[in-house]
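Below is the sequence, then the predicted model.
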Amino acid sequence: MPVTVTRTTVTTTTVASPGLGSPTILGSPRALTQPLGLLRLVQLLSTCVAFSLVASVNAWVGFTGNWCMFAWCFCFAVTLIIIIVELGGLQARFPLSWRNFPITFACYAALFCLSASIIYPTTYVQFMSHGRSKDHAIAATAFSSIACVAYATEVAWTRARPGEITGYMATVPGLLKVVETFVACVIFAFISSPSLYNHKPALEWCVAVYAICFILAAVAILLNLYDCTNVLPIPFPSFLSGLALLSVLFYASAMVLWPLYQFDEKYGGYPERWKDSGCRNSHSYYVCLWDRRLAVAILTAINLLAYVADLVYSARLVFVRV
């Protein structure tokens, strides 16, 4: 929103923030003294400290280290952009819908920091020798956890309440879309090795399921972020219900086929971890293939549950509309 400056007089605009009980001041440094502004400062500081501690001792190696460093840097950069936009009152000039963008990012950031807070200590920190580098890594994990809590708190504060008129991404189905796409991205990271699936058509089908469902959910998110849901030839709630139903059916098939062909010996799978020679090392920053198979199976189940919940909420939207 605009900021009008007349000599030494500054006119600011205030808007109510869902769930905060007090207005947020836009286009003024006082925006940072409001509850949501202070929370974003905590997010900015904690992510900055996390990646700075790790970078200062070069304590990030391999896939897991790169993932965690990306998570912290990405969250820091976008949080800084959000703060600058609100301080300058530039919401109207921002290319994405401001009703949907901040909470969408906050949900993604909470998931990114959560994954980094789990992956970094379990696959990297515990294998480090005692010293300055390990101390920095432990401190970075603590700040990553703080950031996760801060982003999750923003989601809880700003999500839609019953009866509120707000953006779709602030509703439960919208937040579930974020979870679905994030989990799919983690699945893609674990199946980056083609040897996990290129020897069986059933496993290739599972990979196709992950890709198709990710694209459909991403399209739904982008339509809301760009405020162009009216371009669809059918009502948006009906589109969401059809998308959720199709995704549930696809993921149900993957939930059966992926574990069957990865862990059943009759179908060429490996039911026991020790049979994977890459998993026998006591310490390795590389995630072995059997662990990747198991991780994908668990993530497939998580996403299936998310799509089922999405289908239930989306069906309710259609029912209410009718």
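The structure has been received and is ready for your questions. Numbers count the residues shown, from 1 in each chain.

what's the helix or strand for the residue nearest to the spatial centre of the chain?
By C-alpha atoms, centre = their mean, the chain has its centre lying nearest to Y108, at 2.9 Å. For Y108, the host element (DSSP states H and E) is helix 101-123.

distance of the residue nearest to the centre of the chain from V179?
9 Å (C-beta to C-beta, to the nearest Å). The C-beta positions use only the backbone N, C-alpha and C, and glycine is treated the same way.

Just the buried residues of the helix holding Y108, please?
Judged by neighbour count using 16 or more other C-beta atoms under 10 Å, the buried positions of helix 101-123 are 101-117, 119-121, 123.

so how far is the helix or strand following it from its chain's centroid?
With elements assigned by DSSP H and E, the helix or strand that comes after helix 101-123 is helix 132-158. Relative to its chain's centre, helix 132-158 lies at 15 Å (C-alpha atoms, centre = their mean, to the nearest Å).

and the following helix or strand past helix 132-158 with helix 132-158, angle?
Note on helix 132-158: by DSSP H and E, the next helix or strand toward the C-terminus is helix 172-190. Here helix 172-190 runs at an angle of 150 degrees relative to helix 132-158 (axes from the mean of the first three to the mean of the last three C-alpha atoms, to 10 degrees).

Keeping just the C-alphas, turn stretch 172-191 into PDB.
Provided in PDB are the C-alpha atoms of stretch 172-191 (Å, rounded to 0.1, in the frame of the first residue of the first chain):
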ATOM      1  CA  VAL A 172      -6.300 -26.000   5.300                       C
ATOM      2  CA  PRO A 173      -6.500 -27.300   1.700                       C
ATOM      3  CA  GLY A 174      -4.100 -24.500   0.600                       C
ATOM      4  CA  LEU A 175      -1.600 -25.400   3.300                       C
ATOM      5  CA  LEU A 176      -2.000 -29.100   2.400                       C
ATOM      6  CA  LYS A 177      -1.000 -28.200  -1.100                       C
ATOM      7  CA  VAL A 178       2.300 -26.800   0.300                       C
ATOM      8  CA  VAL A 179       2.900 -30.000   2.200                       C
ATOM      9  CA  GLU A 180       2.200 -32.200  -0.800                       C
ATOM     10  CA  THR A 181       4.600 -30.300  -3.100                       C
ATOM     11  CA  PHE A 182       7.300 -30.100  -0.400                       C
ATOM     12  CA  VAL A 183       7.100 -33.900   0.300                       C
ATOM     13  CA  ALA A 184       7.300 -34.500  -3.500                       C
ATOM     14  CA  CYS A 185      10.400 -32.400  -3.700                       C
ATOM     15  CA  VAL A 186      12.000 -34.500  -1.000                       C
ATOM     16  CA  ILE A 187      11.000 -37.700  -2.800                       C
ATOM     17  CA  PHE A 188      12.700 -36.300  -6.000                       C
ATOM     18  CA  ALA A 189      15.900 -35.700  -4.000                       C
ATOM     19  CA  PHE A 190      15.900 -39.300  -2.800                       C
ATOM     20  CA  ILE A 191      15.200 -40.900  -6.200                       C
END
